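Novice: take a look and give me a structure for this.
(chains A, B, C and D)
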Protein chains: 2
Amino acid sequence: MGRERRAVTIYQVAERAGVSIATVSRALRGSPLVAGPTRQRVLRVADELRFRPSRAGRSLAEGQHAANGIVFPDLSGPYYAEVVLGYEEVVAELGRSVLILTTHGRPHAVEKVLELASRVDGMVVMGRTVGDEVVARLAENGLPVVLLARPPIDPAADGAADVVTTVNTDNVGSARVLTEHLLGHGHRRLVFLGDPDESPDVAGRHAGFRAALGGAPAATAPEPVRCAFDVDAGYAAATELFTRDRPDAVMCANDEIALGALRAAEELGVRVPLTGWDDIMAARYAGLTTVRQPMRELGALAARRLDDLISRGRAQPRHQELPTTPVIRTSCGCGDQTRR
Amino acid sequence: MGRERRAVTIYQVAERAGVSIATVSRALRGSPLVAGPTRQRVLRVADELRFRPSRAGRSLAEGQHAANGIVFPDLSGPYYAEVVLGYEEVVAELGRSVLILTTHGRPHAVEKVLELASRVDGMVVMGRTVGDEVVARLAENGLPVVLLARPPIDPAADGAADVVTTVNTDNVGSARVLTEHLLGHGHRRLVFLGDPDESPDVAGRHAGFRAALGGAPAATAPEPVRCAFDVDAGYAAATELFTRDRPDAVMCANDEIALGALRAAEELGVRVPLTGWDDIMAARYAGLTTVRQPMRELGALAARRLDDLISRGRAQPRHQELPTTPVIRTSCGCGDQTRR
DNA sequence: TGCAGTGATGTAAGCGCTTCCACCCCCGAG
DNA sequence: CTCGGGGGTGGAAGCGCTTACATCACTGCA
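Specialist: The predicted model follows:
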């Protein structure tokens, strides 16, 4: 049987249709310089032969890939998944393919990002993945880059100015609002649970937290208690914290940490008001007060800005910040009436 | 300043190093046919020039992409995200890139899948995305395909036999176990909430459900109540169901549906034992009895089988089924002692 | 001293496509 | 009746790489 079936090329279509490959190419891409009957014939033959143009050939000839990349640290937890989803949707709509790269904190990330760069016309780079020097290098080579959930890179960097753009959510402002909410409950000794050095997002949240505390007279905030992003890390850090100290309230860097802290408090039999961030699905069931971010929109927006960069050479708003909305449930100390 | 920076090619490296492009190519890919000093020089120059080989050129010359694709219906909810994560990890480890394609139930999915096919050396196609005829067409062209969470295609299909493989979890068996658990509680009138026609996974779960009921004398199962996969759909369907009828217990096609049904029961003030599927994070907080699937492993396994297909021409086990584990919490009617 | 063998390098032929440019034919205007 | 012009088509030159094959300079052995 027909094993060893070689892919059909434009040459075979041309031959069978009795025209040159130039004409086939033109007919296929809808050029107006092809006579009606010729076009018909070529199209019919291409269909009969199930011809599909080679992507590599096309990319090489055109000098572009019709593909975009996205680099993120992880996909567990809904945050990144939603962002990627929003991104993919828009990019696909624009007729381009999507390449993904997860760094997992892998050490070889830089090499992989560079490799990715050679396959795409532009890419989105999220926080907690690779350093600014890598981004700068991409920009130097003229590759359009959108930074997502991370601050702009040094604009002094060579030609980076018009080739890298940022999209973020308002971490600082929301953290301030949330902190003020906590202060409004009368809490004064607040601790921040999460590592501001781990990600730009967390850094922003911590900054807003401190800013709000700065405006409150008697409020105090010890050093942040650093911990990783998962439930277990939150549980461990909170257990340690609560046995050593008893803050009035705890602001957690994200929902997973908060969920872990909630469990720690429950097991220790103490009641500590706390808040999360992201509004993951489990947050509702745990009654977690948190902050909802427009994750999907974030991804979609990044895709749009990247498209600006790729096809128009520059992006509309160079830096964009999306608003977030606090979701008040019960974990912050609000009565059960707000639950659900 | 240096705008209009053309990408540096192998020719420039060759020229600057005083050798031919063949030698540069060899040096770069570590061929043993290059003298030590020459190699050093080429490598140094390539580094100075920040040379990165053009992927399109390489792909065209080598006749392969060093990239794999994956097609899935969605990314919201942890299920697909975890699968993709496991997949990406393994594929990246194998030194290949990952292209993703979400169908969203888009009508143009077929065209997009074909387009994807022209960019990869093989791909994973999940359930609920495109029909078997599309898979068959890919197989006909000799493209390695791994079917994930969907049954094998008709093996009679031309040359598909050695080029498509499947990876699944044991839906039927687990559904039977779970159903027997429900029967063990004394429940007799059971209804299945979810649409067996919507996805092969659900079909399997429903089949196991019916099989278990078939072995129980007095048990009855009305027609399944069909509904989509999200919380709201589950809520709506369950509300309708519970006001019209009062089954002894409900088996939901996945956790989201179960979560919606749980809310419906709560709001109606009725107590209906029910179960979910997937063990998403929120399930723990809702006390949902469910089934845990090794999602990440599923993705990883698919990646391995695909690699078998691509580099060895055939996959180890042609069809593979991963075990799942029931997670008994309280929603099924078990006492609170198992809660956590 | 000569020659086969070997290692290092260069030459050039693709890979499959797009597109510039040349070409040809046919039409209408002078 | 001739000739300029334009639409339709083919020829061919790349795009940047890999690799089979040719080439060349040595080495070591007869």
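
Novice: how is A:Tyr235 assigned, secondary-structure-wise?
Specialist: Assigned by DSSP: H, G, I helix; E, B strand; the rest coil, the conformation of A:Tyr235 is helix.

Novice: wait, isn't it in contact with A:Gly260?
Specialist: Yes: with contact defined as Cβ atoms under 8 Å, A:Tyr235 reaches A:Gly260; the gap is 3.5 Å. (C-beta placed from N, C-alpha, C; glycine too.)

Novice: with neighbour numbers in mind, choose between those two.
Specialist: Comparing A:Tyr235 with A:Gly260 by other Cβ atoms under 10 Å in any protein chain shown, the one with more neighbours is A:Gly260, at 24 against 21.

Novice: wait, does stretch A:88-99 contact chain B?
Specialist: Yes: legend: contact between stretch A:88-99 and chain B by Cβ under 8 Å from any Cβ of the partner chain is shown at A:88-89, A:92, A:97-99.

Novice: what about the residue of the stretch 101-250 of chain A found nearest DNA strand C, which SS state?
Specialist: Closest residue of the stretch 101-250 of chain A to DNA strand C, Cβ to the nearest atom of the strand: A:Asp121 (14.5 Å). The three-state label given to A:Asp121 by three-state DSSP is coil.

Novice: ok, it to DNA strand D distance?
Specialist: According to Cβ to the nearest atom of the strand, to the nearest Å, A:Asp121 and DNA strand D sit 14 Å apart.

Novice: where does the stretch 201-340 of chain A dip in pLDDT?
Specialist: Across the stretch 201-340 of chain A, residues meeting the criterion (pLDDT under 70) sit at A:216-219, A:221, A:335-340.

Novice: what segments of it are helices?
Specialist: For the stretch 201-340 of chain A, the helices defined by DSSP state H, counting those that start in this stretch cover A:231-244, A:255-268, A:281-286, A:295-307.

Novice: what does the third one contact?
Specialist: So that's helix A:281-286. With contact meaning Cβ atoms under 8 Å, 6 or more residues apart in numbering or on different chains, helix A:281-286 is reached by A:78, A:255, A:258-259, A:262, A:276, A:288, A:290, A:327, A:329, A:331, A:340, B:259, B:280-282, B:284-286.

Novice: equivalent analysis for the first one, please.
Specialist: Taking contacts as Cβ under 8 Å, 6+ apart, the residues outside helix A:231-244 that touch it are A:191, A:193, A:225-227, A:247, A:250, A:252, A:256-261, A:263-265, A:267-268, A:270, A:272.

Novice: swap in 6 Å and give it another go.
Specialist: By Cβ atoms under 6 Å, 6 or more residues apart in numbering or on different chains, the residues outside helix A:231-244 that reach it are A:225, A:227, A:256-257, A:259-261, A:263-264, A:268, A:270.

Novice: derive a PyMOL selection command for the buried subset of those residues.
Specialist: For the buried members of those, the matching PyMOL selection, counting by 16 or more other Cβ atoms under 10 Å in any protein chain shown, is:
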select buried, chain A and resi 225+227+256+257+259+260+261+263+264
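
Novice: could you find the closest non-adjacent residue to the spatially most distant residue from the centre of chain A?
Specialist: Farthest-out residue of chain A from its mean C-alpha position, per Cα atoms, centre = their mean: A:Gly18, at 49.6 Å. Counting by Cβ to Cβ, 6 or more residues apart in numbering or on different chains, A:Gly18 lies nearest to A:Arg41, which is 7.7 Å off, once chain neighbours are set aside.

Novice: surely the one you found is in a strand?
Specialist: No: counting by three-state DSSP, A:Arg41 falls outside a strand, being helix.

Novice: doesn't A:Val19 make contact with it?
Specialist: No: counting by Cβ atoms under 6 Å, A:Val19 is not a contact partner of A:Arg41; they are 7.8 Å apart.

Novice: for the helices of the stretch 201-340 of chain A, give me a markdown table that also has distance to B:Ala35.
Specialist: Formatted as a markdown table, these follow (distance: least, Cβ to Cβ, whole Å):
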| stretch | distance to B:Ala35 |
| --- | --- |
| helix A:231-244 | 52 |
| helix A:255-268 | 55 |
| helix A:281-286 | 61 |
| helix A:295-307 | 44 |
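
Novice: which one of those helices lies closest to DNA strand D?
Specialist: Across the helices of the stretch 201-340 of chain A, DNA strand D has its closest neighbour in helix A:295-307 (22.2 Å, Cβ to the nearest atom of the strand).

Novice: of the contacts of helix A:281-286, which qualify as buried by neighbour count?
Specialist: A:78, A:255, A:258-259, A:262, A:276, A:288, A:290, A:327, A:329, A:331, B:259, B:280-282, B:284-286.

Novice: near DNA strand D, which residues of chain A show up?
Specialist: By Cβ under 7 Å from any atom of the strand, the residues of chain A that approach DNA strand D are A:18-23, A:26, A:32-35, A:37-38, A:57, A:60-61, A:63.
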